[in-house]
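>>> predicted structure and sequence below. I'll ask about it afterward.
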Amino acid sequence: MTVQAAATEGEVLVVPISAVYADADGATAVLKLLDDGTQQRVVVTAGVSGDGYVAVTPVEEGALVAGDRVVVGAGAGA
């Protein structure tokens with residue numbers, strides 16, 4: 001038996017669940033690792049999840065794209 005819990009209609013941008021955190025202001029975000037080693041907060045809307053990943057849509061278009069690296073297992077204080 002196969003149970004499908006969630007699905008998308010096309011390709012989506014995903015990150016590890018442990019990369020997503022909630023700020024004190026209630027915003028959901030990830031920390032994008034820039035080429036110079038600094039981190040940039042990117043506010044996202046989280047979608048469906050599965051197999052340890054969650055679909056995300058950046059609030060600011062283009063702020064996070066496929067191939068960007070994100071910090072895993074750290075919050076805003078990182």
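Sure, I can see it.

>>> Asp25 versus Asp68, what's the distance?
23 Å (Cβ to Cβ, to the nearest Å). (Each C-beta comes from the backbone N, C-alpha and C, glycine too.)

>>> between these two, which has more neighbouring residues?
Asp68 (16 against 8; other Cβ atoms under 10 Å).

>>> check what pLDDT the more buried one gets.
pLDDT, Asp68: 98.

>>> what do you get for Gly73?
What the model reports as pLDDT for Gly73 is 83.

>>> now swap in the one 5 residues further on and tell me
With respect to pLDDT, Ala78 has a value of 49.

>>> is it true that Ala46 touches Ala27?
No - the criterion here is Cβ atoms under 8 Å, and Ala46 misses it with Ala27 at 11.0 Å.

>>> who's in contact with Pro16?
By Cβ atoms under 8 Å, 6 or more residues apart in numbering, Pro16 lies in contact with 52-54, 70, 72.

>>> mind listing the residues bridging to Val42?
Val30 (DSSP bridges).

>>> what's the spacing between it and Val72?
In this view, Val42 and Val72 are 14 Å apart by Cβ to Cβ.

>>> settle it for me: which of these two has more neighbours?
Between Val42 and Val72, counting by other Cβ under 10 Å, Val42 is the more crowded of the two (18 against 14).

>>> alright, I will stop here.
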